[in-house]
Each structure stands twice: as structure tokens, then as C-alpha cells.
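Asker: Need the 3D shape of this:
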Amino acid sequence: MKRASISLLSRLSRHKSENFNPIISKYYISDLASSSSPLKPCATSHGLIVRNHRNQTNPSHKMTTLVENPLQLSSRQRKTKEKSDLEEAFESAKTSEEMLHLFKLMEASFDEGELGLASLKIGLKLDQEGEDPEKIFFFADRALKVLDKGDNTNRPSFLVAMCLQLLGSVNYSLKKFNDSLGYLNRANRILGSLEGEGLGRVEDIRPVMHAVQLELANVKTAMGRREEALEHHSKCLVIKELILEDDSKELGVANRDLAEAYVAVLNFKEALPYGLKALEIHKNRLGDNSVEVAHDRRVLGVIYSGLEEHQKALEQNELSQKVLKNWGLTSELLRAEIDAANMQIALGKFEEAINTLRGIVQQTEKDSETRALVFISMAKALCSQDKFPDTKRCLEIACGILDKKETVSPAEVADAYSEISMQYETMNEFETAISLLKRTLALLEKLPQEQHLEGSVSARIGWLLLLTGKVPQAIPYLESAAERLKESFGPKHFGVGYIYNNLGAAYLELDRPQSAAQLFAVAKDIMDVSLGPHHTDSIEACQNLSKAYSTMGSYTLAMEFQQRVIGAWESHGPSAEDELREARRVLEQLKSKASAATINQLPTNALPLPHTNLSGQSSQPGISVNQKLTSSI
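Answerer: Down below sits the predicted model:
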């Protein structure tokens, strides 16, 4: 949508007038020209003026050749004419090189206040051509300083918003994410006000608004704030729906983009309708054999896999492969075939998956990342068959390839290491799994846009350390994971709930039941919101909360939460008979403990105060009855 910005500016610049017009129209920046300026505002122009000269091959000749005018021009008229020709030549320029050359000439003739829009147009052109971000920033910043003067009464808000969008985009390229966010948020506010107050044409405002929303999504993704980024992706689709035809290819792509954004936060249920909508649009518009349809089907394959509907995932994958074969897209086809093998593994079709992968490995280069992925998937199939020696050989080959790719493709290698570590977990080789996860974490820490993965990996390290009895070492990893995932997905994401549940288990193991109870309570609250109170993980959090209160001796609260556990399992019907039987056994055990505690506990209102000296009671100073009871237990 960066291109939409420059095309919009070009359209705003395309209006013609018979009289000389200033570079900046009165509609946006008439207050920038000083009252003594010889430039006269145009009543109908909207930007840079384009006026083509007949038979003019070199605009610069026109600037100094005045013989066609029979009248002698004054120096002021001559200067005005030269500025007019420079302006028109700049508007006729097709390349950034021409624009930069003419801009240098203009700097000698125009005041800085008259060059704002020209600076913006150069910045947009350089951005379109993928030039050095620092160079783009120079012109965008120069334009903003002119167009955003604080003393303007009729501020050119729309052009200021365009400057801010460009500056936001450039700062994103320079990885200055906080600066980018500042520019984009302000642009968003200006555009929202313009649209809300009916100032300016919506067909001009909305493309820039879309560009701003898309950049906000990119920046927040890069900062690891994926849940917030998702909101901007949603707004992008809403704007596209207002701008585009219902059956346009671009609207299909916008739906697919939103589906992928939901997949990125593991919300496959919300992703599905957008993936299906993208497929529907592209099938109707382009036909079953289009590349866009193939891409839609691959995304749907991922979504169905996430929903554990593996047969549907495989069907979409196979249809996608047919199209990719027809178009000769070998690289994408290989990835789709690897996806298909993983789906076969999920369906328990291990031998089919291995045969698929053997066919793929012959088509890959010796040290390619694709080859490493093939061996990882083959290891997964072998591991599922308990063929651990063969599994390890495949994983060693994959690690040997990936080790050389860490600096080239850190994100991809980190993802692969994480997958390999899972297989070592399955084989109960926890130390190797932890070692690989720590390598993964080291790579992700250098990639701010992968903060959500950093949180997930920290959580897994913490869980494995808990599993191997290294509880004090586990806690920092779990606490770090909770913070990362809250920033990425929000405080109520189910992943955050799992981490708090594990943290509670860690504190319970360290004999800190009060801290454990607090963490289990947070976990339960998150699970109830994100998964529902009858989900098995929500029930487990409730069970843990009952256990923590029991450890503290708070049997009334423990029984209350245990009763909730029973009610939740009852809602599952016959499929949860074993769990229900166990939950009832625990409740009876709690009742017995509570009863025993009541019998053993003396009534506190019958106890004398520590300083009271009654007959038959100890007169030993400084020791209360409660202290004696405690020491005798």
C-alpha cells in the first residue's frame, strides 16, 4: 500500500490550470506561502501542477529560452516564469534521478516553505523504488517540517498524514520501532479525524488509512505485540471491503492475510472463516487452477491441522499440490509435500509419510534447509514408531545442516531446533532437548519480531526443568515466558494460563503453597475465559487450586474448588467416568482431613490470653497456649 500513497499524490497533482499555480495548493498548504510571495493560489488544483508542453523534449531549455515572447519581461516576471517551468518539469519527471536533479535547481529558486510537497513526492518515489531508507527519511522529514508548521491555522492534515505514514514506514525499515509507532499513531489520529468530520474525499483518505493500519500491524508484529497487530490486520480488511469490489482478487488476498494473522496467534477457529472466504473469492474470480487458490488451500491446510482436522488438512494440501505442479512451482511444491507428510504422520499413516519423504529428499540439495526439514519430518515418523536409533540419525543429519544456517536464516533454524527438541522430549532425552531449546532461545533473543516464540521456548525450558526436578532453575524461565506471552498475545491467552499453572506447581514443589494458590487462581481465571470452565485444562487448574489450599490447611476452600472439579467432570458425561471417580475420592479425602483438623483444633475462644495466669494453666512467661499446641503437634 506504499504505492497507493504515491499514486494518490500523483492523482492529486494531475489537475491542470491555464494560470501559473504554486507547488502547493491552497486546499492543503495555502498558509505556507508568505503574503509577499508572487505565487498566486489556484482555486481548483489539489497539489503539484502538471502542464505538458508541446514538442518539449528537454524541459530545462524552456526555462531560459524566452524568444517566443515578443514583450520584454521584467526580472520578477522572468523569475516567476523560470519557477513555473521548473515546477512543471519536476511534475513531468518519470524517475527519481530526474526528480532529484530538478529539485536541486528548485532549491535555488523556491523558498523552503514552497518545497514541502515536492520533498514528500521525492520521498514516496524513493520508497517505491526501494532506495536507501536514510535517504527517504531525509526527504520525508523535510516535507513534514514544512507541511506541519505549528503556526498554520488551516493545517494540511491529509498531507501531514501522508508524511507521517512514510516516516513510519521508513523507521520500520530502520528497525526504529518506537519511532515508527509514534509517527503512525499520529497519522492514524489525523486520518480518523478527517474521515469522521467529513474533511477531504474518502477515496483519497482510505488508501492512506489502509497503509497506516498495515504498517501499524507490521511494527507491532516486529515488537512482538501480535494480539494488537491482529486488530490492525482486521481494520485493513474492513477498509479493503469499503474500497474494493466484492469479488476482487485483492479482497481475497486481504482475507487470506487476516487468516494468517490469526494463525500466527494460534487462533485457528477465528482464522477458518477468512481462509474459506479467500478461497471462495479466488475460485469465483480466477478459477480452481490459479496460484492464489493454491495459496489459499495451503493456508487452510495449516488451519485444519491446528484444529486437529487432519483429513481435511490433507485434502486441501493435495488440491494445492495439483495446482503448484501445473504451474511448475517446484520450491513451493516441495514445501507442500513436506506439509502433506506431516499431516500423514498426524493421521498415523507413518509408512506413507516415510515413502513421501524419501521421494522428496532426492529432489533437495545436500545442505539445503528444505533437506533438513525432510529429515526432521522423517525423524518424527520414525519416532512415532519407537524406532529411536533411526530417529536420532535423522535428527543428527538435520542439525548438521542447520548449524551452518544459523546466521543466514536464524528464524527458520530456531523453529527447526524447537521441532527437533520435541522429538528428543518424546524419547525422554531431556538434557538434549533443553540444550537445543537454549540454542533456539539464543537465536530468538536477537529477533524482536519473534518475541512470542521466545516466550513459548522459555516456557518449554521451564517445564522441562520442572520435569527433571530442577525447580529453582525453572522459575526464571517460566516468569520470563509469562511476560513475553502477555506482551505478544494479551494477558488472557491460554498459553499464559499454562505458564501460570506450571509456576504454581513450581512454588508448590518449593513448599510455598500460598504463592502457588495465587498463581493457580490466575491460571484458572485465564483458562475459564480462554477455554471455558469445563475444558480439561481449566479443570486441572481448578484441581491444582484445591490441592494448594489443602496443603495450606484451608480445607473449606479446598473442598469448594474440588466440588467445582466434580461438577466440571460431570458435564463431560460417560467419557470422563475415571476422572470423576478420582475427583470424588479426593473430595472424600479432603472431608476426612477437615474433620480431623476440627477434632484436633481447640476452640480458640476458650483459650486464655498469653499473660493470663489461671489455675491449672502454665504460668511460664512468654509462651502462649497456641505456641505450646504448635510445638506438641
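
Asker: Show me what the longest helix seen in the chain packs onto, helices and strands only.
Answerer: As assigned by DSSP state H, the longest helix anywhere in the chain is helix 577-600. Contacts defined by 3 or more CB pairs under 8 Å, 6 or more residues apart in numbering; DSSP states H and E place helix 577-600 against helix 536-552, helix 555-570. Quick note: C-beta positions are derived from backbone N, CA and C, even for glycine.

Asker: same thing but at 7 Å, please
Answerer: In this structure, helix 577-600 makes packing contacts with helix 555-570, judged by 3 or more CB pairs under 7 Å, 6 or more residues apart in numbering; DSSP states H and E.

Asker: which intervals of this protein have sub-threshold pLDDT?
Answerer: Applying pLDDT under 70 to the chain picks out residues 1-73, 150-156, 600-633.

Asker: now do 50
Answerer: Applying pLDDT under 50 to the chain picks out residues 1-68, 70, 152-153, 602-633.

Asker: got a list of contacts for the longest helix of the chain?
Answerer: The contact list for helix 577-600, computed with CB atoms under 7 Å, 6 or more residues apart in numbering, reads 550, 553, 555, 558-559, 562-563, 565-566, 569-570.

Asker: if you set the cut-off to 8 Å instead, what comes out?
Answerer: Applying CB atoms under 8 Å, 6 or more residues apart in numbering, the contact partners of helix 577-600 are 539, 543, 546, 550, 553, 555-556, 558-559, 562-563, 565-566, 569-570, 572, 633.

Asker: out of these, which are buried?
Answerer: Neighbour counting with 16 or more other CB atoms under 10 Å marks 539, 543, 546, 550, 555, 558-559, 562-563, 565-566, 569 as buried within the contacts of helix 577-600.

Asker: thinking residue 177 is in contact with residue 221, fair?
Answerer: No. At 9.9 Å, residue 177 does not count as touching residue 221 under the criterion of CB atoms under 8 Å.

Asker: When those two are compared, which one has more neighbours?
Answerer: residue 221 (24 against 20; other CB atoms under 10 Å).

Asker: quick one, what contacts the more buried one?
Answerer: Contacts of residue 221 (CB under 8 Å, 6+ apart): 229, 264, 449.

Asker: Throw those into TSV and include distance to residue 138, thanks.
Answerer: Below are the contacts of residue 221 laid out as TSV (distance: CB to CB, whole Å):
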residue	distance to residue 138
229	29
264	34
449	26
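
Asker: Name the member of those with the most neighbours.
Answerer: residue 229 (23 neighbours).

Asker: Remind me which helix or strand that one belongs to.
Answerer: Using DSSP states H and E, residue 229 sits in helix 226-243.

Asker: same thing with residue 358?
Answerer: Remark: residue 358 resides in helix 350-361, with elements defined by DSSP H and E.

Asker: what's the answer for residue 88, then?
Answerer: Residue 88 is part of helix 75-92 when elements are defined by DSSP H and E.

Asker: Export the buried ones among the contacts of helix 577-600 as CSV, with columns for distance to residue 245.
Answerer: Converted to CSV, the buried ones among the contacts of helix 577-600 look like this (distance: CB to CB, whole Å):
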residue, distance to residue 245
539, 49
543, 54
546, 57
550, 63
555, 66
558, 61
559, 62
562, 59
563, 57
565, 54
566, 56
569, 52
